[in-house]
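> How does the following fold in three dimensions:
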Amino acid sequence: MTNDLYVLIIAAGLDRFIGDPWGWPHPVRVMGWVISHFSKLICTYCQSSLTQRLAGIILGTALIIGSSLAGYFIIQMSQWLHPLLGIVTESILLASCFALKSLRIAAETVLKPLRLNQIDDARSVLSNYVGRDTHNLSESEILRAVFETVTENAIDGVMAPLFYALVGAFVPAVGPVPFALAYKASSTLDSMIGYRQAPYTYLGWFSARLEDGLTWLPCRLTVITLALLSGKPLQVIRVCRRDAPKDPSPNSGWSECVYAAILGVQVGGTNWYGGVAKHKPLLGDNIHPIAPTCIARALQLTRYCFLLWLGATSVALLLIS
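Here you go, the predicted structure:
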């Protein structure tokens with residue numbers, strides 16, 4: 001378990017200081033390629049709702065198990081060549097499952113032109129990260145979109161992969177990477193085909209429900225941790241219990257709401273997708289306007305939560321090793 005501790009710490013450092021260098025091989029790109037190609041085949045040859053549901057179950061199960069096994073065997077092969085190579089390989093694979101620096105870079109990429117009053121450039125950059133229409137967004141709406149993206153992805157991009165990596169660290173002969181990669185595969189499936197709209201209505205049903213289930217516990221643990229870090233846990237939990245269930249997603253509403261409650265801002269409202277208006281429930285109290293400092297604070301809170309979980313697990317691993 002000492003090696004797992006080294007891997008967790010090195011991976012956290014890699015994500016903090018290096019992140020995901022553009023153009024480098026990345027497990028999520030491989031997962032995305034598999035999902036894209038097989039979903040096209042399924043949509044072509046499986047026409048009924050039943051066959052699409054069954055195909056979706058097979059695709060989701062195969063990708064999650066396959067990603068976990070692939071990570072496991074890559075690590076075993078690296079360790080067979082040299083123990084140090086095994087630690088390096090495992091650390092790089094695990095770091096690829098975390099997206100805290102990627103979130104920070106994405107937010108800063110949008111905020112930079114906004115600070116220079118280049119709102120058209122900010123809208124254009126934002127369109128690379130969100131699904132909503134961005135060409136008519138005001139400055140306040142751009143800031144809300146960035147805040148919502150940063151807070152929603154704090155769970156499935158940072159805390160949930162860490163949670164499963166920490167669980168894996170306590171499983172002998174497996175380690176953190178296979179668990180983290182399995183969750184990452186589930187998250188990627190949900191982001192690509194987990195929609196209620198055609199053509200993924202039936203194909204992505206299994207992936208969407210599975211990702212909701214896998215994210216439920218780390219999401220609630222993150223909410224509790226952030227509420228404690230805020231110094232006003234009862235107030236934050238009260239706002240979350242009042243507003244988060246309004247969101248149709250069992251997890252993203254809680255994720256966005258806890259940050260909104262801590263920072264005294266409000267998220268949600270009307271977004272446009274392909275020219276069609278979609279209203280999201282209002283979460284949090286509109287005490288302060290969303291500003292760049294709020295986004296920076298949200299990222300900081302996620303980093304503190306990440307380090308707290310990592311530190312607590314490190315102590316536990318040292319005690320039982």
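
> For the closest residue to P27 other than its chain neighbours, grab the count of nearby residues.
Among residues not flanking P27 along the chain, S96 sits closest, at 5.4 Å (CB to CB, 6 or more residues apart in numbering). All C-beta spots, glycine's among them, are computed from the backbone N, C-alpha and C. By other CB atoms under 10 Å, the residues close to S96 number 25.

> Equivalent analysis for L234, please.
Counted with other CB under 10 Å, the neighbours of L234 add up to 8.

> Just the pLDDT at it, thanks.
Note on L234: pLDDT of 98.

> Equivalent analysis for W22, please.
W22 is given a pLDDT of 65.

> cool, and P199?
87.

> And I10, how close does it get to V315?
17 Å (CB to CB, to the nearest Å).

> Which residue of these two possesses the greater neighbour count?
The neighbour count for I10 versus V315, taken as other CB under 10 Å, is higher for I10 (17 against 11).

> Let me see the contact set for that one.
87-88, 91, 95 (CB atoms under 8 Å, 6 or more residues apart in numbering).

> Tell me the secondary structure of it, please.
What DSSP: H, G, I helix; E, B strand; the rest coil gives for I10 is helix.

> what does the one 3 residues further on give?
Using three-state DSSP, the structure places G13 in helix.

> what does L50 give?
Going by three-state DSSP: L50 is helix.

> And for the closest residue in space to it that isn't next to it in sequence, the neighbour number?
Closest residue to L50 apart from its sequence neighbours, by CB to CB, 6+ apart: Y202 at 8.0 Å. Residues lying near Y202 (other CB under 10 Å) number 21.

> Hmm, Y202 is touching L54, no?
No: judged on CB atoms under 8 Å, Y202 makes no contact with L54 at a distance of 9.3 Å.

> quick one: the helices in the stretch 1-150 of the chain?
2-17, 27-45, 49-81, 83-95, 100-115, 119-126, 139-154 (DSSP state H, counting those that start in this stretch).

> and those helices, which is most packed in?
Mean neighbour count (mean count of other CB atoms under 10 Å) peaks for helix 139-154 among the helices of the stretch 1-150 of the chain, with a mean of 22.

> Can you dump the C-alpha atoms of it in CSV for me?
Taking Å, rounded to 0.1, in the frame of the first residue of the first chain, the C-alpha atoms of helix 139-154 are listed here in CSV:
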residue,chain,number,x,y,z
GLU,A,139,-21.0,39.2,-19.5
SER,A,140,-23.0,38.1,-16.4
GLU,A,141,-24.4,35.1,-18.4
ILE,A,142,-20.9,34.1,-19.5
LEU,A,143,-19.7,34.3,-15.9
ARG,A,144,-22.6,32.1,-14.8
ALA,A,145,-21.8,29.6,-17.5
VAL,A,146,-18.2,29.4,-16.4
PHE,A,147,-19.2,29.1,-12.7
GLU,A,148,-21.7,26.3,-13.5
THR,A,149,-19.2,24.4,-15.6
VAL,A,150,-16.5,24.7,-13.0
THR,A,151,-18.8,23.6,-10.1
GLU,A,152,-20.6,20.8,-12.0
ASN,A,153,-17.4,19.3,-13.3
ALA,A,154,-15.8,19.5,-9.9
